[in-house]
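predicted model and sequence below, questions to follow.
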Amino acid sequence: MKISKILVSQPKPSSDKSPYYDIAERYNVELIFRPFIKVEGLTAREFRQQKINLADFTAVIFTARTAIDHFFALAEEMRYHIPDDLKYFCTSESIALYLQKYIVYRKRKIFYCDNGKIADLVPLLTKHAKEKYLYVVSDVNKDDTAVLDNGKIQYTRAIMYRTVSNDFAPDEPLDYDALLFFSPAGIESLKKNFPDFDQTNVAIGTFGVTTARAVEQAGLRLDFQAPTPQTPSMPAALDLFLKNNLEK
């Protein structure tokens, strides 16, 4: 299989030490970072259709940095003054630290768990059982909220941002030898932008079970995937695929 140009459907890494750059040099391939999807915030008018009053809540749950960005952006657009005593509950320390972009971290009540799973946040939430929680999510959020229900947490899901197709220009070619996808929405965008896409000589790699399933449901061929015991990350999966398939 001849592979010289690969599309990675994610934003370009901010660090020069990304393993993707090592792979590009090792196998003499060109990597193009071009997201198939993008995230956009709801307008205040759209958010009000959910009939949610931000002032009703004493705490907020964040499972992603993107959720933080859109919470504060929407609050500003709605001219809602965020109270100093609002409590913040995050599913990881890195998400919690990201709050520093918007608030004075040391002066706020911020709580977080270690492994990024909302289930592990429940013990912290139940310790503050009297709080009324606002759970900030996207339109495609699929987190299992049963753990919140079972914990008798008083929460309201608030959709504040959505995932949409990052459309290609009409004359923009899809001239790649391999495509890497990280969400089912990326596959949907591929089908939307290139309805006549012919995969014959194009390899497809995915990250995550649901993304792999989306490829198969779209009638496409899945050539490699992550995470697996052998390839825990997408760079690792791509490295192994190129090692095994690249023409010498």
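Looks like it arrived, so ask away. Remember, predicted model here, so these are calculated numbers, not experimental data.

every contact and neighbour count from this point should use C-alpha atoms.
Fine.

average pLDDT for the longest strand seen in the chain?
When secondary structure is assigned using DSSP state E, the longest strand within the chain turns out to be strand 155-165. Confidence over strand 155-165, taken as the mean pLDDT, stands at 93.

so residue 148 versus residue 209, what's the distance?
Residue 148 is 24 Å from residue 209, where distance means C-alpha to C-alpha, to the nearest Å.

between these two, which one's more packed in?
Just comparing residue 148 and residue 209: by other C-alpha atoms under 10 Å the higher neighbour count belongs to residue 148, 17 against 14.

over to that one. Which of the three states is it?
When the structure is split into helix, strand and coil by DSSP: H, G, I helix; E, B strand; the rest coil, residue 148 lands in helix.

residue 121 now?
At residue 121 the chain is in helix, as set by three-state DSSP.

so who does it touch?
Residues touching residue 121, when contacts are defined by C-alpha atoms under 8 Å, 6 or more residues apart in numbering, comprise 89, 90, 91, 112, 113.

if we go to 6 Å?
The neighbours of residue 121, taking C-alpha atoms under 6 Å, 6 or more residues apart in numbering as the test, are residue 113.

mind checking how far the closest residue to residue 188 other than its chain neighbours is from residue 217?
Once flanking residues are discounted, residue 188 sits nearest to residue 165: 7.9 Å by C-alpha to C-alpha, 6 or more residues apart in numbering. In this structure, residue 165 lies at 18 Å from residue 217, with C-alpha to C-alpha as the measure.

more neighbours: those two, which one.
In this comparison of residue 165 against residue 217, neighbours counted by other C-alpha under 10 Å, the higher total goes to residue 165 at 18 against 11.

so that one bridges to which residues?
Under DSSP bridges, the beta-bridge partners of residue 165 are residue 37.

surely it touches residue 37?
Yes. With contact defined as C-alpha atoms under 6 Å, residue 165 reaches residue 37; the gap is 4.5 Å.

show me the helices in the chain, by range?
19-27, 44-48, 65-77, 93-98, 122-127, 146-150, 184-193, 209-217, 234-245 (DSSP state H).

please identify which of those is closest to residue 171.
Nearest to residue 171, of all the helices of the chain, is helix 184-193, at 11.0 Å by C-alpha to C-alpha.
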